[in-house]
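*Asks:* Need a 3D model of the following:
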Amino acid sequence: MSDHVQTRITNGTGTITLDRPKALNSLSLDMVRRLTETLLAWRDDASVDAVVITSSSEKALCAGGDIRFFHEAGHATPTGGSALLEDFFTEEYALNHLIHFYPKPYISIMDGVVMGGGMGIAQGGPDTGLRIVTDRTKMAMPEVNIGLFPDVGGSHFLSHAPGQLGNYLGLTGLTVGAADALYVGLADVYVPGAQLQALHELIDATPGAQLADAIRAFAAGFAGDIGASELQAQRATIDAHFGAASVAAIMASLERDEHPFAQKALKAMRQRSPLMMCVTREMLVRGAAMSVADCLRMERSLVRRNFEHGEVLEGVRALVIDKDNAPQWKPASLEEVTTQIVEGFFAPVWPAYAHPLRHLD
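*Replies:* Below you'll find the model as predicted:
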């Protein structure tokens, strides 16, 4: 199993430390399996009352999936797939489901970069999850930048964000900090980075059964230090623009707004995959009315369609492999993205009885 996932149990709390700092803790298949194995074992272990996930580096909790692996595995066959790639997404999404419904307090310390797959392992369920952000938190669902879509449950947690905030985050892929994360509902409490050592000492000294309450009490002392949320200040603007009926209409609306906030969003969207922005918007519309399990099943089918199409392979090539920052998106413009192309991404890949995530409930 992975050497990049360290585990220990202290005072009734199981701590998972991601330790792949050179890759900003990007998730490999081995890491996904180690996380799953650990959480399944601790779920049924009476000596573990709470779980904490953290990082060995202040630079990142987790920057996402290992996209270099995606590129390599995606080129293994003419249809853009491999057995390892199939395993990765099936097992990653099953892990996301496990975390969302974990029966014990699941506490994520979202210090540094938390993006994509990192969000999937940080967004614990609403009843037992506790998500901590710091002044170093850099949170995003930036998948449209590499020709993918906000997966790992993004179709659920973004579609349930207030107003049009989920559309804004999913379609622009822009990064937000602690105050915005709290406002959107993607974090619960704030602890300054300078206080993380004290937080870890508190975790070790507090019985696991009392840990979530103890952390909330500890964090309450810093509630006034968070600063203002830009997304809150711009909420009316976001709702007005991103509530438009299509991606093209959203961009047209932003073009008419000279405010720097609107222009920044527009500039970002002009760099993204036109196709995957359209797929993302449709996914969020559908996800708003679906369960977590159904959202993950939908995303699993979308991943297969995406690799068959090749959009993510081109995005990773341009931004990570060749670094020419000139992806050749297909289609190249929004005008060429038809309803039929988008709907084709949502066509079932497997019969329901054969879906690789059919057992999620």
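*Asks:* now the lowest-mean-pLDDT helix or strand in the chain, how far from the chain's geometric center?
*Replies:* Least confident helix or strand of the chain, by mean pLDDT, DSSP states H and E, is helix 67-74 with a mean of 84. Distance, stretch centre to chain centre, for helix 67-74: 18 Å (Cα atoms, centre = their mean, to the nearest Å).
*Asks:* Check stretch 83-98 too.
*Replies:* On Cα atoms, centre = their mean, the centre of stretch 83-98 falls 14 Å from that of its chain.
*Asks:* Can you list the buried residues in that stretch?
*Replies:* 85-86, 88-98 (16 or more other Cβ atoms under 10 Å). Any C-beta I mention is one placed from the backbone N, CA and C, and that applies to glycine too.
*Asks:* Tabulate those residues (CSV), appending secondary structure, pLDDT and distance to residue 312.
*Replies:* Output for the buried residues of stretch 83-98, formatted as CSV (DSSP: H, G, I helix; E, B strand; the rest coil; pLDDT from 0 to 100; distance: Cβ to Cβ, whole Å):
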residue, secondary structure, pLDDT, distance to residue 312
85, helix, 91, 11
86, helix, 92, 14
88, helix, 95, 13
89, helix, 96, 11
90, helix, 97, 16
91, helix, 98, 18
92, helix, 98, 14
93, helix, 98, 16
94, helix, 98, 20
95, helix, 98, 20
96, helix, 98, 18
97, helix, 97, 22
98, helix, 97, 25
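*Asks:* nearest to residue 338, of those?
*Replies:* Proximity of the buried residues of stretch 83-98 to residue 338 (Cβ to Cβ) peaks at residue 89, which lies at 26.1 Å.
*Asks:* which non-adjacent residue is nearest the closest one?
*Replies:* Nearest residue to residue 89, sequence neighbours excluded (Cβ to Cβ, 6 or more residues apart in numbering): residue 303, at 4.9 Å.
*Asks:* who touches the one you found in this structure?
*Replies:* Taking Cβ atoms under 8 Å, 6 or more residues apart in numbering as the criterion, residue 303 is in contact with 89, 148, 151.
*Asks:* Over to residue 288?
*Replies:* Applying Cβ under 8 Å, 6+ apart, the residues near residue 288 are 159-160.
*Asks:* gap between it and residue 150?
*Replies:* Separation of residue 288 from residue 150 (Cβ to Cβ, to the nearest Å): 13 Å.
*Asks:* which strands and helices sit next to the least confident helix or strand of the chain?
*Replies:* helix 83-100, helix 311-316 (3 or more Cβ pairs under 8 Å, 6 or more residues apart in numbering; DSSP states H and E).
*Asks:* For that helix, give me every contacting residue.
*Replies:* Residues contacting helix 67-74 (Cβ under 8 Å, 6+ apart): 26, 28-29, 80-82, 84-85, 88, 146, 307, 310, 312-313, 316-317, 320-321.
*Asks:* 7 Å - rerun?
*Replies:* Under the criterion Cβ atoms under 7 Å, 6 or more residues apart in numbering, residues 28, 80-82, 84-85, 146, 307, 312-313, 316-317, 320-321 lie in contact with helix 67-74.
*Asks:* So among the residues you listed, where is pLDDT lowest?
*Replies:* Among these, residue 80 has the lowest pLDDT, at 59.
*Asks:* Of all the helices and strands packed on helix 67-74, which one comes closest to residue 218?
*Replies:* Taking those one by one with Cβ to Cβ, helix 83-100 is closest: 22.8 Å.
*Asks:* Common neighbours of residue 288 and residue 150, please.
*Replies:* Common neighbours of residue 288 and residue 150 (Cβ under 7 Å, 6+ apart) do not exist.
*Asks:* so where do the strands sit in the stretch 51-200 of the chain?
*Replies:* Assigned by DSSP state E, counting those that start in this stretch, the stretch 51-200 of the chain shows strands spanning 60-62, 106-110, 113-115, 129-133, 138-140, 189-190.
*Asks:* So what are the sheet partners of the fourth one and their directions?
*Replies:* This means strand 129-133. Partners of strand 129-133 in the sheet, by DSSP bridges, are strand 106-110 (parallel), strand 189-190 (parallel).
*Asks:* repeat for the third one
*Replies:* Partner strands for strand 113-115, per DSSP bridges, with pairing direction: strand 60-62 (parallel), strand 138-140 (parallel).
*Asks:* where does residue 150 land on pLDDT?
*Replies:* What the model reports for residue 150 is a pLDDT of 97.
*Asks:* Fine by me, we can end here.
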